[in-house]
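A.B. asks: Fold the following.
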Amino acid sequence: MVDVVKDGEIIPAKVVYVRNRNKRKEYLCLISTDINLDENEIIRIYGKRWDIEVFFKVCKSYLSLSRECNSLSYDAMTAHTAVVFTRYMMLSLESRESNDNRSLGELFLYFSDELSDITWIQAFQMLLQMFRTMFEENTELSNEKISELVEAFMNALPVMLKTQLQAV
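C.D. replies: Presented below is the predicted three-dimensional model:
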């Protein structure tokens, strides 16, 4: 227990020291103004807060949370945030499922290097081809009907996107 002085007011606080298991001379010092909390609870809460800090750091530094969207529209910013958070979830899932020791930043750089070799239009065309293949393999539709569906989809696209796709 220690007393912290803030603006002339004395605030009781609890200090918890956490030693690094790998390096005995290193430790982390946590302070809590809730003196009724158990030391293990203070450590647990700090761990949760640290996870949140790491989440936002990865989203801002690697997933372009603050730089990628230049819109003033609330809906566009909300959609962009949802896309960035989805990217984070995908990286976390990949890291967890593959028991990968790399950090999320390293995984992001690995995947972005892999993706930088193809353009967005090429990726869209690959997805469209996968869509056609899935329809052919999983439905009773004829190739003619699938082509009609793809054509209807392409006609529903915004003009700018349709123009870019047809130029390739």
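A.B. asks: Pop the domain breakdown of the chain in here.
C.D. replies: For the chain, whose domains are defined here by automatic domain parsing, the residue ranges read 1-37, 39-116, 120-167.
A.B. asks: Would you mark the buried spots in the shortest one?
C.D. replies: By neighbour count, with 16 or more other Cβ atoms under 10 Å as the criterion, the buried positions of domain 1-37 are Lys14, Val16, Ser32. C-beta here means a position set from N, CA and C on the backbone, and glycine is covered the same way.
A.B. asks: of those residues, closest to Val83?
C.D. replies: Compare each of those with Val83 using Cβ to Cβ and the shortest gap goes to Ser32, at 36.1 Å.
A.B. asks: in the sheet, who's paired with the closest one?
C.D. replies: Following DSSP bridges, Ser32 is listed with bridge partners Lys14.
A.B. asks: who's in contact with it?
C.D. replies: For Ser32, the contacting residues are Ala13, Lys14, Val16, Ile42, Ile45, taking Cβ atoms under 8 Å, 6 or more residues apart in numbering as the criterion.
A.B. asks: Return the distance of it relative to Tyr17.
C.D. replies: Using Cβ to Cβ, to the nearest Å, one gets 13 Å for the distance from Ser32 to Tyr17.
A.B. asks: what's the residue sitting nearest the centre point of the chain sitting at in phi/psi?
C.D. replies: The residue at the geometric middle of the chain, judged as the C-alpha nearest the mean C-alpha position with Cα atoms, centre = their mean, is Tyr88 (1.5 Å). When quoted as degrees, to the nearest 10, the phi and psi of Tyr88 stand at phi -60, psi -40.
A.B. asks: Over to Asp38?
C.D. replies: Note on Asp38: backbone dihedrals following degrees, to the nearest 10 are phi -70, psi 150.
A.B. asks: tell me the SS of Val16?
C.D. replies: strand (DSSP: H, G, I helix; E, B strand; the rest coil).
A.B. asks: Which residue, neighbours along the chain excluded, lies closest to Leu165?
C.D. replies: Excluding the flanking residues, the one nearest Leu165 by Cβ to Cβ, 6 or more residues apart in numbering is Ile121, at 6.2 Å.
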